[in-house]
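Asks: Sequence plus the predicted model coming up.
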Amino acid sequence: MPKKSYQIQGRTVEIPCVVRDAAAGTAMFLVSASEAASLVPDAFELIEPEPGLTQMSLLAVDYRDNDLGDYNEVGIVFFVKPCGASADKTGTFIYQLPVNQSFTSEAGCTIWGFPKSVQEIDIDYTAHTATCRLVMDGQHVLTLSLPRGGTGESADSESTGYTLINGVPHSNSFTRGGTGEETTLGGDGVTVELGTHPIAETLRRLGLPTDALLSNWCEHMRGSFGPSIPL
C-alpha cells in the first residue's frame, strides 16, 4: 500500500505501522447487547450471535518491538458492522484502549481514532499464565489472567476495525500472525477481577465476571496497521 506519514511528538510515523514482536492475550465473553449498544456509536450496529447477547473481547498486549514503541495495552472490544451493511463487513469497535506510554497514545488517537489514554498497566508472567492489571485515574479497573503457552503458528490474516475520527466513521485494517499460539475453548484458566473504577461498573452491567467463551495466547505476535479510510 502507498506509504503515508504523520508527525507525532517530533517523530515520523509511517503507514503501514509495523509490529515486529508482541505477546498478546484475548478472552472473549457473551455479554448484554442492550448494555453494549450504549457504548457503540450510532454509525455501527452490534453483532448478536444470540438474541440479546453480543461478543466482547478483553485484550492484553505487551508490545516489545513496534514502530510506536515498547508499551503495554488493554482493549475492550465489540464486534460490529456499519449500520445497514451486510454481514461480510463485520469488524471490531474498540470501546477503551488504554496504554502506558504517551507517544503511542497520541499516535493512536491522531492516526486511527483509537480511544487511547495513558494509564497504569502491569503485565506479569509465570510459566503458564499472564496477568494484566489496569489502573485508570488511580482506581483499579480490572485484573485479567490468561493461560499462557502453546506451540501453534498462525499465518498472517487481515481484519477490519471501525473508529470515529472527528465524528466521521472510518475503517482500518490490521494484519496479524504469530508463533507460540494456542486457543483454549471455555473459561479454563481465565479469571477477571473487577475494581472500583466506573469502567469496572460498566463491565459489571455488561455481565462480567462470567465464564469466557474462549481465550487465545500468542507469545510472538507480528502485524501491521494500515491507514484509516472514511466510510
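Replies: Nice, I can see it.

Asks: which residues touch the residue positioned nearest the centre of the chain?
Replies: Central residue check for the chain by C-alpha atoms, centre = their mean: the C-alpha nearest the mean position is that of Gly75, 3.6 Å away. Going by C-beta atoms under 8 Å, 6 or more residues apart in numbering, Gly75 touches Ser57, Leu58, Leu59, Ala60, Val61, Ile94, Gln96, Leu97. Heads up, the C-betas are built off the backbone N, CA and C, glycines and all.

Asks: For it, give the beta-bridge partners.
Replies: Leu59 (DSSP bridges).

Asks: residues near Val31, how many?
Replies: Counted with other C-beta atoms under 10 Å, residues neighbouring Val31 total 19.

Asks: can you confirm it is in a strand?
Replies: Yes - looking at Val31 with DSSP: H, G, I helix; E, B strand; the rest coil, it is inside a strand.

Asks: Now do the contacts for it.
Replies: By C-beta under 8 Å, 6+ apart, Val31 lies in contact with Leu53, Thr54, Gln55, Met56, Leu206, Gly207, Leu208, Thr210.

Asks: quick revisit: and the residue nearest to the centre of the chain, how close does it get to Asp88?
Replies: Note on Gly75: its distance to Asp88, by C-beta to C-beta, to the nearest Å, is 23 Å.

Asks: Val74 now?
Replies: 29 Å.

Asks: Please apply the same query to Ile15.
Replies: Taking C-beta to C-beta, one finds Ile15 at 25 Å from Asp88.

Asks: neighbour count winner among the two?
Replies: Just comparing Ile15 and Asp88: by other C-beta under 10 Å the higher neighbour count belongs to Ile15, 20 against 7.

Asks: Pull out the buried positions in the lengthiest helix in the chain.
Replies: Longest among the helix segments of the chain by residue count, using DSSP state H, is helix 198-206. Under the neighbour-count criterion of 16 or more other C-beta atoms under 10 Å, helix 198-206 has Ile199, Ala200, Thr202, Leu203, Leu206 buried.

Asks: which one is the third one nearest to, not counting chain neighbours?
Replies: The shortest distance from Thr202 to any non-neighbouring residue, by C-beta to C-beta, 6 or more residues apart in numbering, is to Leu39 (7.2 Å).

Asks: my read: the one you found touches Val80, true?
Replies: No - between Leu39 and Val80 there is no contact under C-beta atoms under 8 Å: 10.5 Å.
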